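Colleague: Provide a 3D model corresponding to the input given below.
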Amino acid sequence: MELSALRIFKAVAEEGSVTLAAARLNRVQSNVSARLTQLEESLGVALFHRAGRGLHITAEGDRLLAYADRLLQLADEAQAAMRPDQQPSGSLRIGAMETTAAARLPIVLAAFNRQHPQVDLLLETGPTDHLLDGVLRHRLDVALVAAPVPHGELVQVPVFTEELVLITGPAHAPVRTPYDVARRNLLVFRSGCTYRRRLEAWFAEADVAPGRISEFGTFEAIIGCVAAGMGVALMPMEIIGQRKLGRTIKTHPLPPAIAQVDTMLVWRKDVLHHPARAAFAASLAPSN
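Modeller: Numbers count the residues shown, from 1 in each chain. Here you go, the predicted structure:
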């Protein structure tokens, strides 16, 4: 099984299309199709379900993808280790919570791009649990997630401290306890979000039942619906301050146990040599 075949397979799996994978790899489509067919024949299994022009990965393909990620990561690491003075280059797959990506990363990524133009930055956003899974399964090289991180196999470096605040519509009365927003709808990110767990725990510890729990995919949608009076939400104060939202929503301080949360940069301990990752971690160091 050749590494080049695994790279082609991985690209097709991630793009869901031979055409898109070929464009990404700068190969002709017929070559990608032929190499994919050869790989399936050598393994004796179908790696994709063909549906028109689209491809859907099979269970066997999903298993192979996990191995392919690990093998390709090890191959890249071995190549880099043979050139200890190598400048950061290649791809760096970064995961970040959506609010972190919006409030903390633009200046960091722009500066990193200027300093290391040979690194291709790939940014994926999602809740903490999804991002941790991505690092553990080698889909991501690093991730910015909310503490605590209960995974001993990951390096964990604190990089930011966020202050979370409760947000309501602008005319809402002051909120000091969950009783002040009892039966109000909670507007949250999808399951796996540490901020969501903190908000739900705040209600549960006071034995207060919220109204409905509505999931959203973006913080802009959450903030917009809070401003329209749909419910309440938890949001980093950094987001509120940067966007000057004081006239459209109202912020309410929370107890430190709920409000204070560290953002951690994490990566796998067993991936020892990764120049681009090391450079990115350095760019987030407090002295920077």
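
Colleague: what segments of the stretch 101-250 of the chain are strands?
Modeller: In the stretch 101-250 of the chain, the segments counted as strands under DSSP state E, counting those that start in this stretch are 119-125, 142-146, 154-168, 186-189, 213-216, 233-236, 250-252.

Colleague: okay, buried residues for the longest one please.
Modeller: Neighbour-count burial for strand 154-168, counted by 16 or more other C-beta atoms under 10 Å, picks out 154-156, 159-160, 162-168. C-beta here means a position set from N, CA and C on the backbone, and glycine is covered the same way.

Colleague: and the second one, by the same measure?
Modeller: The neighbour-count criterion (16+ other C-beta under 10 Å) identifies 142-146 as the buried residues of strand 142-146.

Colleague: and Ala21, how far from Ile249?
Modeller: From Ala21 across to Ile249, the span is 43 Å (C-beta to C-beta, to the nearest Å).

Colleague: I should have written Arg7 there, sorry.
Modeller: 46 Å.

Colleague: neighbour count winner among these two?
Modeller: Neighbour count, other C-beta atoms under 10 Å: between Arg7 and Ile249, Ile249 has more, with 22 against 17.

Colleague: OK, contacts around the more buried one?
Modeller: Contact partners of Ile249, counting by C-beta atoms under 8 Å, 6 or more residues apart in numbering, are 167-170, 223, 226-227, 240.

Colleague: filter these to the buried ones?
Modeller: The neighbour count (16+ other C-beta under 10 Å) marks 167-169, 223, 226-227, 240 as buried among those.

Colleague: tell me the span between the first and last residue of stretch 251-270.
Modeller: Stretch 251-270 has its terminal residues 42 Å apart, counting by C-alpha to C-alpha, to the nearest Å.

Colleague: list the buried ones in that stretch?
Modeller: Here stretch 251-270 shows 251-252, 254, 258-259, 261, 263-268 as buried, counting by 16+ other C-beta under 10 Å.

Colleague: hmm, Phe280 and Ala111 touching each other?
Modeller: No: applying C-beta atoms under 8 Å as the test, Ala111 and Phe280 come out as separate, 10.8 Å apart.

Colleague: compare neighbour counts for those two and give me the winner.
Modeller: Taking neighbours as other C-beta under 10 Å, Ala111 and Phe280 compare with Phe280 leading, 23 against 12.
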